[in-house]
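A.B. asks: All I have is the shape, not the residue letters:
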């Protein structure tokens, strides 16, 4: 081997070692960077006229386990979805309150029963009548606040959907641009690993909201599909459409057109159910909260309000006819069973018993439609109201329809209904969190191992030293020849 060949080989070795050292440095510096793929140098033997020509740098390889990455993205979406469902139920359970809390739904219901019993034991006491009236008002207000919380949860879910759609559209546009930049960069012979890191980060943004299948395409581009076949990007990025609203009332629904659905490139897609093309991510979970879970919760609280109204209608008050509203009313009027939606927000105390509305406290004792006060010591009417609270009857609507219970018992059943759902949702969330942690650890294990990188760096340093020694030796020989 000539000195020129030896010098050329050593110089190519130095270049390869230097490039490998740069990659190792980058790997160590980005060991904890989200979306970073470990780099390795691809080299091969170079041949010149059938003889060894040193080392050829073929390129930089970005190492990512596609299967683990896909599982981790699935876990991201599953955790986000279960957290959205559990978060709604946790908020609803807090709005209902625990039974031992006097300001909870159960506490308010027991407070009404207790205050009516107290008033019945001393019917001539205006103070006790006033306490009973306040207890009824507090109960109506508590039921209304639960409904308000449910509707606010729907507004929050609607806002989250809008934010998610904006995030997805932004990420898809960036991926389309990065696909093009990666293809051009590789065509020009440049290292596109950093661009691929950026693209992976954008795909991860989408994965929280939508389940994904990443499909490789020619020229190092990628396509993204949902598991049920909706194309998000395959060459050109799709555009998701959604219109946010600022206020949601119980009567507003997706089916009525009052709330926006989801479109992909102008095509309406189904957002509810396990066959939806978006099922499995946070976006579907937020739609489920807005259009399913919260709607069912509203139905149940409306059923509770209806039961309360019907308990205090005739014959609970002997002065009432079938056409007269009882102590609890639908916005001051007689309740119409065909107009139950949103009843909990309209629940109000009959003005006849409320001095602030021009009524009189004695109507609680003597009857809402009584022409004048009766004997102040007669607690018969109040006993009827106590019996109305304590009567075991089956609600006319809701999931607990037909299950006989007292008013406090119905309130306890109402809480139990959603507490059970919350427990199931928490279990799902715990499983999703454990799966997410496992997938994250697997991804990190396949990522940058700093100990391994340091060992690789020692080998690179040795190779660099050997090649440098060859160059030094060739230089010594050339100097000797020049001195001859």
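C.D. replies: Arrived safely, thanks for sending. Source: prediction; values computed, not measured. Numbering: from 1, shown residues only.

A.B. asks: Test my guess that residue 276 contacts residue 269.
C.D. replies: Yes. Counting by C-beta atoms under 8 Å, residue 276 does reach residue 269; the two are 7.3 Å apart. For every residue, glycine as well, the C-beta is placed using N, CA and C.

A.B. asks: For these two, indicate the residue with more neighbours.
C.D. replies: Shown here are residue 276 and residue 269; by other C-beta atoms under 10 Å, residue 276 has more neighbours (19 against 15).

A.B. asks: Give the full set of residues in contact with residue 130.
C.D. replies: Listed by C-beta atoms under 8 Å, 6 or more residues apart in numbering, the contact partners of residue 130 are residue 361.

A.B. asks: In which helix or strand does it reside?
C.D. replies: According to DSSP states H and E, residue 130 maps onto helix 126-187.

A.B. asks: Averaged pLDDT, that helix. What do you get?
C.D. replies: In this model, helix 126-187 has a mean pLDDT of 96.

A.B. asks: Which stretches in the protein count as helices?
C.D. replies: Using DSSP state H, the helices of the chain run over 3-29, 66-96, 105-121, 126-187, 193-209, 282-288, 294-311, 343-346, 362-366, 380-390, 407-445, 450-483.

A.B. asks: ok, and which of these has the densest surroundings?
C.D. replies: For the helices of the chain, the largest average neighbour count (mean count of other C-beta atoms under 10 Å) is found in helix 282-288, namely a mean of 27.

A.B. asks: How about residues contacting it?
C.D. replies: Under C-beta under 8 Å, 6+ apart, the answer for helix 282-288 is 77, 80-85, 157-158, 160-161, 164-165, 168, 208-210, 262, 271-272, 276, 278.

A.B. asks: Let's see that with 7 Å instead.
C.D. replies: Helix 282-288 is contacted from outside by 77, 80-81, 84-85, 157, 160-161, 164, 208-210, 271-272, 276, 278, using C-beta atoms under 7 Å, 6 or more residues apart in numbering.

A.B. asks: out of these, what pair is the most spread apart?
C.D. replies: The distance between the two most remote of these (C-beta to C-beta) is 19.6 Å, for 208 and 272.

A.B. asks: still on that earlier bit, so which of the helices of the chain is nearest residue 329?
C.D. replies: In terms of C-beta to C-beta, the element of the helices of the chain nearest to residue 329 is helix 294-311, at 6.9 Å.

A.B. asks: between the closest one and helix 66-96, how many degrees?
C.D. replies: Relative orientation of helix 294-311 and helix 66-96, computed by axes from the mean of the first three to the mean of the last three C-alpha atoms, to 10 degrees: 20 degrees.

A.B. asks: Measure how buried residue 320 is and give me the count.
C.D. replies: Counted with other C-beta under 10 Å, residues neighbouring residue 320 total 21.

A.B. asks: Just give the nearest non-adjacent residue to it, would you?
C.D. replies: Among residues not flanking residue 320 along the chain, residue 314 sits closest, at 4.0 Å (C-beta to C-beta, 6 or more residues apart in numbering).

A.B. asks: these two touch, right, the one you found and residue 322?
C.D. replies: Yes. At 6.0 Å, residue 314 and residue 322 qualify as touching, with contact defined as C-beta atoms under 7 Å.

A.B. asks: Could you check which of the two is surrounded by more residues?
C.D. replies: Shown here are residue 314 and residue 322; by other C-beta under 10 Å, residue 314 has more neighbours (15 against 8).

A.B. asks: Could you pull up phi and psi at that one?
C.D. replies: The phi/psi pair for residue 314 (degrees, to the nearest 10) reads phi -60, psi 140.

A.B. asks: what's the spacing between stretch 177-194 and its chain's center?
C.D. replies: Centroid displacement of stretch 177-194 relative to its chain, using C-alpha atoms, centre = their mean, to the nearest Å, is 35 Å.

A.B. asks: what's the residue lying closest to residue 60 once chain neighbours are set aside sitting at in phi/psi?
C.D. replies: Spatial nearest neighbour of residue 60, chain neighbours left out: residue 191 (4.9 Å); criterion: C-beta to C-beta, 6+ apart. Dihedral pair for residue 191: phi -80, psi 120, per degrees, to the nearest 10.

A.B. asks: pLDDT wise, what is residue 191 at?
C.D. replies: Looking at residue 191, the pLDDT reads 81.

A.B. asks: State the number of residues packed around it.
C.D. replies: 15.

A.B. asks: how close does it sit to residue 151?
C.D. replies: From residue 191 over to residue 151 the distance is 53 Å, taken as C-beta to C-beta, to the nearest Å.

A.B. asks: do the same with residue 16
C.D. replies: 65 Å.

A.B. asks: Could you list the domains of this protein?
C.D. replies: 3-65+451-483, 70-436 (automatic domain parsing).

A.B. asks: Out of these, which gets the lowest mean score?
C.D. replies: domain 3-65+451-483 (a mean of 73).
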